[in-house]
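Chemist: Build the 3D model from these lines:
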Amino acid sequence: MKPILPGATLGVMGGGQLGRMFVHAAQRLGYFTAVLDPDPHSPAGSVSHHHVQTDYTDPQGLTRLAELSAAITTEFENVPAPALAQLALSRPVAPGAACVAIAQDRIEEKAHFHACADRSGVDCAPHAVIRNPAELLAVADDLLPGILKTARLGYDGKGQVRVKTRGELAAAWEAVRQVPCVLEKMLPLVAECSVLVARGHNGQVVSYPPQRNVHVDGILAVTHAYAACLPAELAERAEQATRAIAEQIGYVGLLCVEFFLVQGQQGLELVVNEMAPRPHNSGHHTIDAFDHSQFDLQVHAMAGLPLPTPRQHSPALMLNLLGDIWFDAQGHERSPDWAQLLGIPGTHLHLYGKTEARHGRKMGHLTITGPELAAVQASARRCADLLGLPGLS
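Modeler: Residues are numbered from 1 along each chain as shown. Predicted coordinates:
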């Protein structure tokens, strides 16, 4: 692929906060940007040179985005894969429709992880596919207790039900209207981690060190990103597994793969959980702690530019900011004390331009960096206490 140089227009499907940060990165590098999103007040559309305000499957909108853009990416995995395939008829699209389609369906995703296991050295959790009553009855006893997950459209803990017995499993499948699902065996979870890699059109791959993640109620709360945040041997295996998962399908773009660390008979073991064909919430610290952010590498990969190996210059913790902190204990809306927060050393506040705060809605993130880990951790605790944030452990 001939590189697409600054001065061209890069397009993105989706106008949320990930699209907004992609737009900022592209513009800083000298590109014009175009966003396709139906929301007239979308965070990315409000800062882009062009905002194509249509549905993701609208033929005229897709044609307009292709006319404007020299290459196109996506900011979330539920953009219809056929729309990406349509765009790819006339423009480079990264990641491609086939890769995104795998991430959109847990059944396909599990099959891909299992197919990569010999090469990656890491498999997914024991599971069963449930698409009909016969497959429900055929579920092995040793998969219970487990977690029933809808095959499509589940994220941040949505579309997931914990079940202990066959009766609970049958009731849960009925509650989700008998859509295709995956039942995963419940594992002795110790921690969670994620790895970000970027892969170019020419097969070049670069990666970030794995980061440890803490979730609260199924939503990412804290990311720990510094040396020794994970055991070195497991971190190396997670990174190599992520590269294998990307290379197996010829992935182009920025990819995040999430892993569970579970207690096995021989000690801690890695289990691959899911992949996101886009930048990821757990990688937001790369904006402030690395010389090239995940969004910079997203731009490089889609434009056919060389991929620089990212270098971390500061240890970092990232705190997710949900709409809950815009409300006091009585439920009255108020603004967090940003002035006091920004007086704490090493703080980097990123708000996403969303005009309405809601409980559970991602409104921004806060990254804390510094020359020494102990100081970063102390500042992060002060920030968490000030904002009333859970999960800092």
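Chemist: after the helix or strand containing residue 67, next one along is what?
Modeler: Element membership for residue 67 (DSSP states H and E) is helix 59-68. Remark: after helix 59-68, the chain's next helix or strand is strand 71-74, criterion DSSP H and E.
Chemist: For the helix or strand following that next one, what does the pLDDT average out to?
Modeler: Next helix or strand after strand 71-74 toward the C-terminus (DSSP H and E): helix 81-87. Confidence for helix 81-87, expressed as mean pLDDT, is 97.
Chemist: which parts of helix 81-87 are buried?
Modeler: Going by neighbour count (16 or more other C-beta atoms under 10 Å), the buried part of helix 81-87 is 81, 83-84, 86-87. Bear in mind the C-beta positions are built from the backbone N, C-alpha and C, glycine included.
Chemist: Just the CA trace of the next helix or strand after it, in CSV.
Modeler: Where DSSP H and E defines the elements, the next helix or strand beyond helix 81-87 is helix 97-104. What follows is helix 97-104, C-alpha atoms only, in CSV (Å, rounded to 0.1, in the frame of the first residue of the first chain):
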residue,chain,number,x,y,z
ALA,A,97,-15.0,-6.3,7.6
ALA,A,98,-14.1,-9.9,8.2
CYS,A,99,-12.0,-9.1,11.3
VAL,A,100,-14.7,-6.9,12.7
ALA,A,101,-17.3,-9.6,12.1
ILE,A,102,-15.3,-12.0,14.2
ALA,A,103,-15.3,-9.6,17.1
GLN,A,104,-19.1,-9.0,16.7
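Chemist: Rounded mean pLDDT for the helix or strand just after helix 97-104, please.
Modeler: Using DSSP H and E, the helix or strand that follows helix 97-104 in sequence is helix 106-120. Mean pLDDT, helix 106-120: 94.
Chemist: Helix 106-120 - contacts with which helices or strands?
Modeler: helix 97-104, strand 127-130, strand 181-185, helix 232-248, strand 267-276 (3 or more C-beta pairs under 8 Å, 6 or more residues apart in numbering; DSSP states H and E).
Chemist: That helix: which residues count as buried?
Modeler: Neighbour counts over helix 106-120 (16+ other C-beta under 10 Å) mark 106-107, 109-110, 112-113, 116, 120 as buried.
Chemist: Likewise for stretch 6-22?
Modeler: Using 16+ other C-beta under 10 Å as the test for burial, stretch 6-22 gives 6, 9-22.
Chemist: what's the span of it, first residue to last?
Modeler: With C-alpha to C-alpha, to the nearest Å as the measure, the ends of stretch 6-22 fall 14 Å from one another.
Chemist: Can you tell me which of the helices and strands packed on helix 106-120 is packed in deepest?
Modeler: Stretch with highest mean neighbour count among the helices and strands packed on helix 106-120: strand 181-185 (a mean of 23; mean count of other C-beta atoms under 10 Å).
Chemist: Just the C-alphas of the helix or strand just after that strand, formatted as CSV.
Modeler: As assigned by DSSP H and E, the chain's next helix or strand after strand 181-185 is strand 189-199. Provided in CSV are the C-alpha atoms of strand 189-199 (Å, rounded to 0.1, in the frame of the first residue of the first chain):
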residue,chain,number,x,y,z
LEU,A,189,-10.2,-15.2,38.5
VAL,A,190,-7.2,-13.4,40.1
ALA,A,191,-6.8,-10.4,37.8
GLU,A,192,-7.5,-9.1,34.3
CYS,A,193,-5.2,-7.6,31.7
SER,A,194,-5.2,-6.4,28.2
VAL,A,195,-2.7,-6.0,25.4
LEU,A,196,-2.7,-3.4,22.5
VAL,A,197,-1.0,-4.2,19.2
ALA,A,198,-0.9,-2.3,15.9
ARG,A,199,-0.4,-4.2,12.6
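Chemist: Could you pull out the buried residues of strand 189-199?
Modeler: So strand 189-199, judged by 16+ other C-beta under 10 Å, has buried residues 191-199.
Chemist: Could you do stretch 319-333 as well?
Modeler: The neighbour-count check on stretch 319-333 (16+ other C-beta under 10 Å) flags 319-326 as buried.
Chemist: Strands - which of the residues you listed land there?
Modeler: Among these, the residues falling in strands (DSSP state E) are 319-322.
Chemist: and the residue nearest to residue 110 when sequence neighbours are not counted, what are its phi and psi?
Modeler: In space, residue 110 comes closest to residue 124 once its chain neighbours are excluded; the distance is 5.3 Å by C-beta to C-beta, 6 or more residues apart in numbering. Residue 124 adopts backbone torsions of phi -80, psi 170, taken as degrees, to the nearest 10.
Chemist: what's near enough to touch residue 124?
Modeler: Contacts were defined as C-beta atoms under 8 Å, 6 or more residues apart in numbering; by that measure residue 124 touches 110, 113-114, 117, 271-273.
Chemist: And it, what's its pLDDT?
Modeler: For residue 124, pLDDT reads 94.
Chemist: Can you name the residues bridging to it?
Modeler: residue 272 (DSSP bridges).
Chemist: hang on, the earlier thing: ok, so of the buried residues of stretch 319-333, who is nearest residue 45?
Modeler: Proximity of the buried residues of stretch 319-333 to residue 45 (C-beta to C-beta) peaks at residue 323, which lies at 20.3 Å.
Chemist: low-confidence ranges in the stretch 251-393 of the chain?
Modeler: Applying pLDDT under 70 to the stretch 251-393 of the chain picks out residues 391, 393.
Chemist: now do 50
Modeler: Low-confidence segments of the stretch 251-393 of the chain, defined by pLDDT under 50, are absent.
Chemist: residues in contact with the most centrally placed residue in the chain?
Modeler: By C-alpha atoms, centre = their mean, the chain has its centre lying nearest to residue 280, at 2.9 Å. Contacts for residue 280 (C-beta under 8 Å, 6+ apart) come out as 194, 196, 256, 294.
Chemist: contacting residues for residue 368?
Modeler: Residue 368 makes contact with 316-319, 344, 346-348, 376, 379-380, 383, according to C-beta under 8 Å, 6+ apart.
Chemist: change it to 7 Å
Modeler: 316-317, 346-347, 376, 379-380, 383 (C-beta atoms under 7 Å, 6 or more residues apart in numbering).
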